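*Asks:* attaching a predicted model along with its sequence, questions to come.
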Amino acid sequence: MGQRNVGLMGQYAGFITRAVAIIIDILIVIVSVLVITASITLPLDFFLGINTQSCTITGGGPSLLRDWEGMRELLCGVVNFTSLLIAILTGPIYFIFLATAGGQTVGKYIMGVRVVRLDGKPMSYLGSTLRWFGYLASLLPLGLGFFWVVIDDQRRGFHDKLTGTCVVYAWRAQQSEFLVARIQRFFGRAEARPRRLNACPGHPPYRAGHARGAGLQ
């Protein structure tokens, strides 16, 4: 079989691509939480000399805070509660807002993939929120919901099946048809060409009336 270039745009995104994208997103969320939390706690430590963990005066802070333990504990409680909220909410806000705004988190944008609905409609906040909880459902059975992408014909995890979505390549990269066939034979997944080139029906370039060729059946 001769080597041909087949466009990836609209094709189902593979497990490795999606895994790298979510790792990037997790790192972004972690860094964001650390930066936001530090921007709250460091000024207290630097200007007021308050260690928010032990709620003690570590330096020459104002005498009012040093002598009035109740005010100091209240301030520490507010800061610690705010830090906890930031740690809990940053992830959901990041994934839900970006998925709704354009179907792409930063990680997905870097990896050139996008979340789309099978019915072709735009992502909604409700759907994105449900998909976020779907991440938790995919994670619970030892991550089986994520690894399901490897064996599913449409490369959909539990969270995709829950919300009627799929993840597709959103850029015009090229793949080697010869290399793909070799890899599929290695893993015992050799299929006819039309099956291999299926595209998500919800992706704009491949909606009804726009499919071209046998490969887009």
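*Replies:* Now that the structure is in, tell me what you want to look at. Numbers count the residues shown, from 1 in each chain.

*Asks:* any weak-confidence spans in the protein?
*Replies:* 1-7, 47-48, 52, 54-69, 172-217 (pLDDT under 70).

*Asks:* can you show me the strands along it?
*Replies:* 5-7, 50-51, 56-57, 113-117, 165-169, 174-176 (DSSP state E).

*Asks:* partners of the second one in the sheet?
*Replies:* I take that to be strand 50-51. Applying DSSP bridges, strand 50-51 is found paired with strand 56-57 (antiparallel).

*Asks:* how about the fourth one?
*Replies:* Based on DSSP bridges, the strands next to strand 113-117 in the sheet, each with its direction, are strand 165-169 (antiparallel).

*Asks:* put the alpha carbons of the strand it pairs with into PDB.
*Replies:* C-alpha atoms of strand 165-169 as PDB (Å, rounded to 0.1, in the frame of the first residue of the first chain):
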ATOM      1  CA  THR A 165     -20.200  14.400  23.100                       C
ATOM      2  CA  CYS A 166     -17.000  13.300  21.300                       C
ATOM      3  CA  VAL A 167     -13.500  14.800  20.900                       C
ATOM      4  CA  VAL A 168     -12.200  15.500  17.400                       C
ATOM      5  CA  TYR A 169      -9.100  17.000  15.900                       C
END
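
*Asks:* all helices for this protein, in order.
*Replies:* For the chain, the helices defined by DSSP state H cover 15-43, 63-67, 69-102, 106-111, 125-139, 144-151, 158-163, 177-186, 193-196.

*Asks:* so which of those is nearest W171?
*Replies:* Evaluated over the helices of the chain, closeness to W171 peaks at helix 106-111, with 9.3 Å, by CB to CB. C-beta: built from backbone N, CA, C; applies to glycine.

*Asks:* helices or strands up against that closest one?
*Replies:* helix 15-43 (3 or more CB pairs under 8 Å, 6 or more residues apart in numbering; DSSP states H and E).

*Asks:* now do the buried residues in the helix it packs on.
*Replies:* Buried residues in helix 15-43, counted by 16 or more other CB atoms under 10 Å: 15, 17-18, 21-22, 24-25, 28-29, 33, 37, 41.

*Asks:* and what of stretch 100-107?
*Replies:* Buried-residue list, stretch 100-107, by 16+ other CB under 10 Å: 100, 103-105, 107.

*Asks:* single out the most deeply packed of the helices of the chain.
*Replies:* helix 158-163 (a mean of 21; mean count of other CB atoms under 10 Å).

*Asks:* contacting residues around A13?
*Replies:* Taking CB atoms under 8 Å, 6 or more residues apart in numbering, we find A13 in contact with 111, 113, 155, 167-169.

*Asks:* ok, 10 Å please
*Replies:* Applying CB atoms under 10 Å, 6 or more residues apart in numbering, one finds that A13 lies in contact with 21, 108, 111-115, 149, 155, 166-170, 200.

*Asks:* repeat for A87
*Replies:* 29-30, 33-34, 36-37.

*Asks:* please repeat the previous calculation with a cut-off of 7 Å.
*Replies:* V33 (CB atoms under 7 Å, 6 or more residues apart in numbering).
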